[in-house]
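[1] Pasted the sequence and its predicted model underneath.
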Amino acid sequence: MRTTRHGAEQPPRKQRRALGIPLALLGVGVVACLAAALLAGGGADAGRPAGLPVTAAPAGVPADSGSPAAPAEATTAPTQPPVSSAPPPPTATPSGSPRTTPASSASALASAVSVGSLAGRVKPGVGNQGVATAYEAADGNGACLFGPSPDLMIAAMNHTDYETAKACGAYVLVRAANGASITVRITNECPLPCAPGQLDLSQQAFAKLADLKVGRLPITWTLLSPATAPATMSIRYKDGSSQYWCGIQVIGHRNPVATLEVRTAKGWRQLPRTGYNYFLATDGNGCGGTVRVTDVYGEQLTVDGIAIKPDVIQPTKVQFARH
């Protein structure tokens, strides 16, 4: 009876094992699929340093969905603005369109550039210390070769600060320790041993500060951009100038001249300056053409129609701005 009973129960056990095998296989398949998915997901970031965000697709959109990328929300935008070496423009401008720099910004930029590269030792806004001496100025002509001066409120700049005629024509405000002051124009050079900072004033100018018997007077002085300058400046070609060689001089300028250029077939050509205050084109290229003059503040003035007329002062219609 025991054998018969066992023989009757055998088929149900076989059916249960047959049903359990497919279920086990199905479970293994699910686990394998999940593992493959995890491995595939990890492979998408393979080679990217830890901590960097995924930028291939927006949040919430599968990378393989084929949907167009949605605009990034404000909460996901970078919080740090792009680093810039200059302040942003006052008004937004579409990308690629021209932008006009405000006049105030252009002036500030011009001043910064001029002080750093255009001005020589005599710089705008920089005080200088030295001593004042006096000399007999005669008619006021000197190393700058301006010719006789309309007044004798003039001075000779020491050799160091004269700097190959860069100081020629500069207006300088001179102050003495006793409170007296005078404005003079640089028309001459005081050769060595005149020390840096020293001004050799005309006797007429020195007498405005102290008695001539003082001899040497401690002073401070600064570059000035005066309101009383001539209404317009002038251009003069040196004697002997022609289409083959020429020297060009600027006269009556409010601010010191930093550079002088002439227009040639290949563009603007900057001429070298001599110690006697002429700019030379030794091969004649540009002589008799358009002239462009730049002051120590960076302002540029262009002059047309200046013919080669040796030793003739030719007035223009322009003048540097006051600073």
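    The structure has been received and is ready for your questions. The structure displayed is predicted, hence computed values, not measured ones.
[2] Now do the helices in the chain.
    Secondary structure of the chain (DSSP state H): helices at 2-44, 103-113, 159-162, 203-206.
[3] What residues sit buried inside the lengthiest strand in the chain?
    Taking DSSP state E as the criterion, the chain has its longest strand at strand 181-190. Across strand 181-190, burial judged by 16 or more other Cβ atoms under 10 Å covers 182-190. Backbone N, C-alpha and C define where each C-beta goes, glycine included.
[4] For that strand, give me every contacting residue.
    133, 135, 137, 140-144, 146, 149, 153-159, 162, 167-175, 198-202, 205, 208-209, 224, 226, 275 (Cβ atoms under 8 Å, 6 or more residues apart in numbering).
[5] Kindly report the same for stretch 119-126.
    Here stretch 119-126 makes contact (Cβ under 8 Å, 6+ apart) with 111, 114-115, 128, 157, 160-161, 163, 166-167, 170, 172, 196, 222-223, 225, 256, 258, 296-297, 323.
[6] Where do the domain boundaries of the chain fall?
    With domains defined by automatic domain parsing, the chain comprises 128-224, 234-315.
[7] Would you format those domains as a markdown table with distance to residue 119 included?
    What follows is the domains of the chain, written out as a markdown table (distance: least, Cβ to Cβ, whole Å):
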| stretch | distance to residue 119 |
| --- | --- |
| domain 128-224 | 8 |
| domain 234-315 | 4 |
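[8] Who does residue 294 form a beta bridge with?
    Note on residue 294: beta-bridge partners by DSSP bridges are residue 259, residue 300.
[9] returning to what we had before: and the buried ones among the contacts of stretch 119-126, selectable in ChimeraX?
    Those of those that count as buried under 16+ other Cβ under 10 Å are selected in ChimeraX with:
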select :111,114,115,128,157,161,163,166,167,170,172,223,225,256,258,296,297,323
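[10] Sort out for me which of the contacts of stretch 119-126 are in strands.
    Reading strands off the contacts of stretch 119-126 with DSSP E, I get 128, 157, 172, 222-223, 258.
[11] Could you dump these into TSV with distance to residue 288 added?
    Below are these laid out as TSV (distance: Cβ to Cβ, whole Å):
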residue	distance to residue 288
128	39
157	31
172	34
222	38
223	33
258	23
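[12] May I ask you to confirm that residue 263 is in contact with residue 287?
    No: shown here, residue 263 and residue 287 do not form a contact pair, counting by Cβ atoms under 8 Å, at 10.9 Å.
[13] With just CA atoms, put stretch 208-217 into CSV.
    Taking Å, rounded to 0.1, in the frame of the first residue of the first chain, the C-alpha atoms of stretch 208-217 are listed here in CSV:
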residue,chain,number,x,y,z
LYS,A,208,57.7,136.6,-11.0
LEU,A,209,58.7,134.0,-8.4
ALA,A,210,61.6,135.6,-6.6
ASP,A,211,64.4,138.1,-6.8
LEU,A,212,67.0,137.3,-9.4
LYS,A,213,69.6,137.5,-6.6
VAL,A,214,68.3,134.3,-5.1
GLY,A,215,70.0,132.4,-8.0
ARG,A,216,68.5,128.9,-7.3
LEU,A,217,64.9,128.5,-6.2
